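Undergrad: For reference, the sequence and a predicted model appear below.
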Amino acid sequence: MKTFSVVTSGLLFALASTSTLAAQYDITNQDHWVLTNKDVGGAQPFKIEQTVLHGGKQDGVKVLTVDNGVMTITLIPTRGMDIYQVKSGDITLGWKSPVKQHVNPKFINLEDRNGLGWLEGFNEMMVRCGFEWTGHPGEDKGVMLTLHGRADYTPASQVLVTVDEKAPYAIHIRGELLEQLFKKVNFQTWTELSVIPGKKEFKIHDQLTNKGDYPHEYQVIYHSNFAQPLLEAGAKIEAPVKQISPFNDYAKQGLQDWQTYLGPTRGFDEMVYNIYPYANKKGNTLAVLHNRKATKGMAIHYNVHELPVLGLWKNTDTIGQGYVTGIEPGTSFSYNRSYQRDLDLVPTIGAHQKKDFHLTYQILDGKHAVTEQVNTVKSIQGQQKTELRKDPLVKGENL
């Protein structure tokens, strides 16, 4: 096993020679921390750096930046290990929210504005909505549920960085999220982001464990948000769709044009659609977003056995209001949990059981890369029909 010289602070664990994991760094208690390829003997350049922000509502927030040589990923351990932004050349995955700071959870009251306090910090490219519940605020069995659960505002209890011993020296960033309430819930979620130096893609693998002695309901949505340069007038989403329906009555008017986008449009309210996707024989499927000329895009790959539905959020309001679209694989749609049991979209995790969720995000830089992924969508769709259901799945639910 190769011996590494460590010039950064953090705890290093040498693993067994049979493992492909060379070194593990516990950076939970570190404020400023840096690791580069030179520290572990890798030829392909990379740099991982953790810093702490000061001032305003982001005071005390930890930011973890991963530069793999061709792509820079910004994670926020203080906010559920969620991804703020991804940049590669002239392509940015993310959006320009009116919320400019990485708001520290200690400044958020999720119950504000009738359960909409979650929006006071919403600005990330990828937000985990869950895990005990997700969806719109409202009562369920006499309990007030706030918007999209607590995961986004749960600081990671542990943060571990691992670099594989052998080429291609994959980087793994793991964070532990705990949702615990006496007599009610005892969830542990290990989040993991993996990236290979020199590649324009990254993988998410989250493992939810019910550490309690009783079964418990759970929900999760991977709220993935994109704007310019992918989102513009004439931009398009491609996905193999079995059924699509409007979230509410307002979204009905855009159902026929669900695949295409407007430019920034003053007075445009949110239009949301519920999608049941087709998948291949292994359950694998994907969604692709690309610009008008199909020269730039991104793809999200996931499995319907883990994440059976897809939400589509079209918020083509003005730039200042937050011009953005959300492509959201999940166990559930964005209705309040009380409405989704009848849709069979409130799964249960057994006592001490584990549930895994895998997603791959790809940056599509160039016509060939976009075309390749669009063709994958077409191959899954094949000759199978898409049902445009005119009425919402739930009556009387508004955004």
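TA: That came through fine. Numbering: from 1, shown residues only.

Undergrad: From here on, just use CA atoms for contacts and neighbour counts.
TA: Noted.

Undergrad: Do you have the helices of the stretch 201-350 of the chain handy? List them.
TA: Chain-ordered helices for the stretch 201-350 of the chain, with DSSP state H, counting those that start in this stretch as the definition, fall at 319-322, 337-340.

Undergrad: which of these sits most buried?
TA: Burial of these is given as mean neighbour count (mean count of other CA atoms under 10 Å); helix 337-340 ranks first at a mean of 19.

Undergrad: Dump that one to CSV, restricted to CA.
TA: Included here for helix 337-340 are C-alpha records, laid out as CSV according to Å, rounded to 0.1, in the frame of the first residue of the first chain:
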residue,chain,number,x,y,z
ARG,A,337,-47.7,14.1,2.6
SER,A,338,-51.4,13.8,3.6
TYR,A,339,-52.4,13.7,-0.1
GLN,A,340,-49.8,11.3,-1.3
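
Undergrad: Mind checking the pLDDT average for it?
TA: For helix 337-340, the mean per-residue pLDDT is 96.

Undergrad: and what of stretch 247-255?
TA: Averaging pLDDT residue by residue across stretch 247-255 gives 96.

Undergrad: What of stretch 272-280?
TA: Averaging pLDDT along stretch 272-280 gives 98.

Undergrad: Just the residues contacting that stretch, thanks.
TA: Applying CA atoms under 8 Å, 6 or more residues apart in numbering, the set of residues contacting stretch 272-280 from outside is 239-248, 251, 258, 285, 303-304, 308-314, 333, 380-381.

Undergrad: buried ones in that stretch?
TA: For stretch 272-280, a neighbour-count test (16 or more other CA atoms under 10 Å) marks 272-279 as buried.

Undergrad: Same check on stretch 153-171?
TA: Along stretch 153-171, the positions that meet the burial threshold by neighbour count (16+ other CA under 10 Å) are 153-156, 158-165, 168-171.

Undergrad: For the nearest residue to Lys199 once chain neighbours are set aside, give me its contacts.
TA: Distance criterion CA to CA, 6 or more residues apart in numbering; nearest residue to Lys199, sequence neighbours excluded, is Val70 at 6.7 Å. Listed by CA under 8 Å, 6+ apart, the contact partners of Val70 are 88-89, 197-200.

Undergrad: hmm, try it at 7 Å
TA: Residues in contact with Val70, defined by CA atoms under 7 Å, 6 or more residues apart in numbering, are 88, 198-200.

Undergrad: same check, this time on His305
TA: For His305, the residues meeting the contact criterion (CA under 7 Å, 6+ apart) are Gly283.

Undergrad: Equivalent analysis for Thr360, please.
TA: Applying CA under 7 Å, 6+ apart, we find Thr360 in contact with 202-204, 300-302.

Undergrad: Ignoring the adjacent residues along the chain, who's closest to it?
TA: Counting by CA to CA, 6+ apart, Thr360 lies nearest to Lys203, which is 4.4 Å off, once chain neighbours are set aside.

Undergrad: ok, back up a step: and the buried residues of stretch 272-280, which is closest to Asp26?
TA: Closest to Asp26 out of the buried residues of stretch 272-280 is Ala279 (38.0 Å), distances taken as CA to CA.

Undergrad: Skipping adjacent residues, who's closest to Val86 in space?
TA: Using CA to CA, 6+ apart and skipping residues adjacent in sequence, the residue nearest Val86 is Ile73, 4.5 Å away.

Undergrad: how far away is the residue nearest to Lys199 from Leu307?
TA: 29 Å (CA to CA, to the nearest Å).

Undergrad: swap in Gly130?
TA: With CA to CA as the criterion, Gly130 and Leu307 are 13 Å apart.

Undergrad: swap in Lys236?
TA: Separation of Lys236 from Leu307 (CA to CA): 22 Å.

Undergrad: Packing partners of the strand or helix carrying Thr92?
TA: Secondary structure here is read from DSSP states H and E; on that basis Thr92 sits in strand 91-93. Under the contact criterion of 3 or more CA pairs under 7 Å, 6 or more residues apart in numbering; DSSP states H and E, strand 91-93 touches strand 82-88.

Undergrad: quick one: the strand it packs on to chain centroid distance?
TA: Chain-centre distance of strand 82-88: 10 Å, with CA atoms, centre = their mean, to the nearest Å.

Undergrad: With stretch 129-137 instead?
TA: Relative to where its chain is centred, stretch 129-137 has its mean C-alpha point 14 Å off (CA atoms, centre = their mean).

Undergrad: what comes into contact with that stretch?
TA: Contacts of stretch 129-137 from elsewhere in the structure, counted by CA under 7 Å, 6+ apart, are 115-116, 145-152, 217-223, 333-337.

Undergrad: 8 Å - rerun?
TA: Under the criterion CA under 8 Å, 6+ apart, external residues in contact with stretch 129-137 comprise 114-116, 144-152, 179, 185, 187, 217-223, 332-337, 399.

Undergrad: ends of it, how far apart?
TA: By CA to CA, the extent of stretch 129-137 from end to end equals 12 Å.

Undergrad: And for stretch 79-97?
TA: As for stretch 79-97, its first-to-last residue distance stands at 16 Å under the measure CA to CA.

Undergrad: Give me the buried positions along it.
TA: By neighbour count, and taking 16+ other CA under 10 Å as the criterion, the buried residues in stretch 79-97 are 79-88, 91-97.

Undergrad: how close does the residue positioned nearest the centre of the chain get to Tyr323?
TA: Residue closest to the mean C-alpha point of the chain, counted by CA atoms, centre = their mean, is Met126 at 3.4 Å. Using CA to CA, we find Met126 at a distance of 16 Å from Tyr323.

Undergrad: repeat for Thr92
TA: When distances are taken as CA to CA, Thr92 and Tyr323 turn out to be 14 Å apart.

Undergrad: for Trp33, same thing?
TA: Taking CA to CA as the criterion, Trp33 is separated from Tyr323 by 34 Å.

Undergrad: and if you look at Leu310?
TA: 20 Å.

Undergrad: more neighbours, the two?
TA: Leu310 (28 against 23; other CA atoms under 10 Å).

Undergrad: Show me what that one bridges to in the sheet.
TA: For Leu310, the beta-bridge partners under DSSP bridges are Ile275, Pro329.

Undergrad: And the pLDDT for the closest residue to Glu238 other than its chain neighbours?
TA: Closest residue to Glu238 apart from its sequence neighbours, by CA to CA, 6+ apart: Val288 at 5.0 Å. At Val288, the pLDDT value in this model is 98.

Undergrad: Since that was my last question, I'll sign off now.
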